[in-house]
Each structure stands twice: as C-alpha cells, then as structure tokens.
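>>> pasting a predicted model and its sequence here:
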Amino acid sequence: MLKITPKKANLSLLVGALILVAIAFIVFEFRPEKEASPAGSDNLAAAGDAATQSYAVFQTPTARIDDRIFGSADAPLKIYVFEDYSSSFSASLADNLEKARVDFGDRLAVIVRPYARNSELAAQAAAAVDCAASQGKWREMRALLFSKVKNKQPLEPGSPDYSRQLGLEMDEFSLCLTNERKSGKIEQATAAAESLQVYGAPTIFVGNEMIPGARPYEDYTDSDGEQVAGLKTIIARKISQD
C-alpha cells in the first residue's frame, strides 16, 4: 500500500494550487472583450456607458483652409470624417451623414478627409478625389466612387470613363494622378489622421467623441443585447450641449 507522507501531500497541494492559478490567468487574459479601445488608448476615456462604443478624446481635428466641407463653416457642430473611398463601410457612413445633414440643417457641417493606409486602391481613390478637387469636382468624384462601391462594381479611379462622366479635363486629371506630390499629399493626410489616433476608416469625430466604424443612423441593439446610440442621437446630444 502506497504511503503518502506529509511532505508529499504538501507538495501535491502546492502543485494543485499552481495549476489553478495558471488556469485562472489563462481565462482572464484571453477572455473575449465586449469592446476594445483603439490603439493608443492611453489618451482615450470611455464616453458615457459601455454601450456608446465611442471614446472621449483629448485631441480633435482642427479646421483647415483647404477643408472639404458639406454645410457651413459657421455651423455650431462640425463632424470630421476620415474615409476610404474604396470602402463599402465608408460609403455606408456617407449615406448616414447625409441623413444627418438633412435632419439638422445649418446646425451641422461635415468635413471629409482621406484615410488611405489600407490598400493601394484606397490611395488611388483618394488621389482621384483630390485631383477632381482641382477642377471643382471633388463632391462628384467622391459620390461616383462610393456609388461604384455600393453597387459592387470594379473601382478604377484613373479611368477615362470617370473623367468623361464628370466632365473633367482628361489630360489634366491623368497628369495629376501620376504626380508624386499628389501621392505624398495623400500619405501626409493619412499620417495626420494617425496622429489623432485614427487607425482605420471610417472614423468620425463628433465634437470630442471619436467613433470608429460605420455607426448606424438610428439607435440599435448590438449582438450582446445592449442598446447603442446611433448617429442621430449622438449628434442631437452634442448640439443640445452647445
């Protein structure tokens, strides 16, 4: 018959305790997170309760003379949008922001800026919008690109068909697209976005709230059964605070 000494019993208890601690650590460390903060979140704080899925930030975008803006620069609330013109999520958010402009009128302005870190196509699309801007047609190019994306059509930012459709001077547009200074400008715009802790598109700033992703316009219930504030609610709250 095996005889268990007190020393062996104590060792067994110690080993068992260490195993339990290890299991607890693994469960805690690798448990799924309901909501993860963006990278660089040391400078972020939760805005409202967890269901808001947005973040209060200490650094926000500031107006520039070359801003592309829907609405009046004098609007009491400005929304800054960092968007990818090759992304269906950015296209969806653009539709929701247009609803907001209709609902809130001159109380709201939407300022759009490119974020083109995701792919070469994103950079080409951003350059197409920028080059169209030099001919006064950035709104039209942006709308055309998003229309192609939403309809799941191939995106060809440098296509002559796009130039003809928008009435652009084709040679000038083509030359602009191959200009190295233009690609450098897009890269600088993306780097400027990342200095604000934007690491994906779309991302928007509503006042001092940063909201990553294509937030629906109306309030909704997420997969955990939590009520989440839609853009309409967030914008109305910000305007009422002014």
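Received, thanks.

>>> which of the residues in stretch 196-212 are buried?
Within stretch 196-212, the residues that count as buried by 16 or more other Cβ atoms under 10 Å are 196-198, 200-207, 209-212. All C-beta atoms are positioned from the backbone trio N, CA, C, and that covers glycine.

>>> now stretch 99-111
100, 101, 104, 107, 108, 109, 110, 111.

>>> before we move on, what about stretch 141-161?
By neighbour count on 16+ other Cβ under 10 Å, the buried set for stretch 141-161 is 141, 142, 143, 144, 145, 146, 148, 149, 155, 157, 158.

>>> likewise for stretch 220-236?
Quick answer for stretch 220-236 (16+ other Cβ under 10 Å): 228, 229, 230, 231, 232, 234, 235, 236.

>>> can you confirm the last one is in a strand?
No. Counting by DSSP: H, G, I helix; E, B strand; the rest coil, residue 236 falls outside a strand, being helix.

>>> measure it to residue 103 for me?
Using Cβ to Cβ, to the nearest Å, residue 236 is found at 9 Å from residue 103.

>>> hmm, residue 56 is touching residue 208, no?
Yes. The criterion here is Cβ atoms under 8 Å, and residue 56 meets it with residue 208 at 5.7 Å.

>>> lowest average confidence, helix or strand, in the chain?
strand 44-46 (a mean of 42; mean pLDDT, DSSP states H and E).

>>> give the next helix or strand downstream of it.
strand 55-57 (DSSP states H and E).

>>> which residues touch residue 215?
Residue 215 is in contact with 53, 93, 96, 204, 230, 231, 234, counting by Cβ atoms under 8 Å, 6 or more residues apart in numbering.

>>> 6 Å instead?
residue 231 (Cβ atoms under 6 Å, 6 or more residues apart in numbering).

>>> just say helix, strand or coil for it.
Strictly by three-state DSSP, residue 215 counts as coil.

>>> what's the closest of the buried residues of stretch 220-236 to residue 171?
residue 231 (40.6 Å; Cβ to Cβ).

>>> low-scoring stretches of the chain, by residue?
For the chain, the stretches flagged by pLDDT under 70 are 1-52, 242.

>>> confirm residue 81 sits in a strand?
Yes. Counting by three-state DSSP, residue 81 is found in a strand.

>>> list the beta-bridge partners for it.
Note on residue 81: beta-bridge partners by DSSP bridges are residue 112, residue 204.

>>> which stretches of the chain form helices?
6-29, 88-104, 120-133, 138-150, 160-166, 170-177, 180-194, 231-241 (DSSP state H).

>>> adding distance to residue 223 as columns, could you present these in JSON lines?
Formatted as JSON lines, the helices of the chain follow (distance: least, Cβ to Cβ, whole Å):
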{"stretch": "helix 6-29", "distance to residue 223": "21"}
{"stretch": "helix 88-104", "distance to residue 223": "17"}
{"stretch": "helix 120-133", "distance to residue 223": "28"}
{"stretch": "helix 138-150", "distance to residue 223": "24"}
{"stretch": "helix 160-166", "distance to residue 223": "38"}
{"stretch": "helix 170-177", "distance to residue 223": "41"}
{"stretch": "helix 180-194", "distance to residue 223": "28"}
{"stretch": "helix 231-241", "distance to residue 223": "19"}
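
>>> measure the most centrally placed residue in the chain to residue 191 for me?
Taking Cα atoms, centre = their mean as the criterion, residue 203 is the residue nearest the geometric centre of the chain, at 2.0 Å. Separation of residue 203 from residue 191 (Cβ to Cβ): 14 Å.

>>> any figure for the gap between residue 53 and residue 88?
Per Cβ to Cβ, residue 53 is found 20 Å from residue 88.
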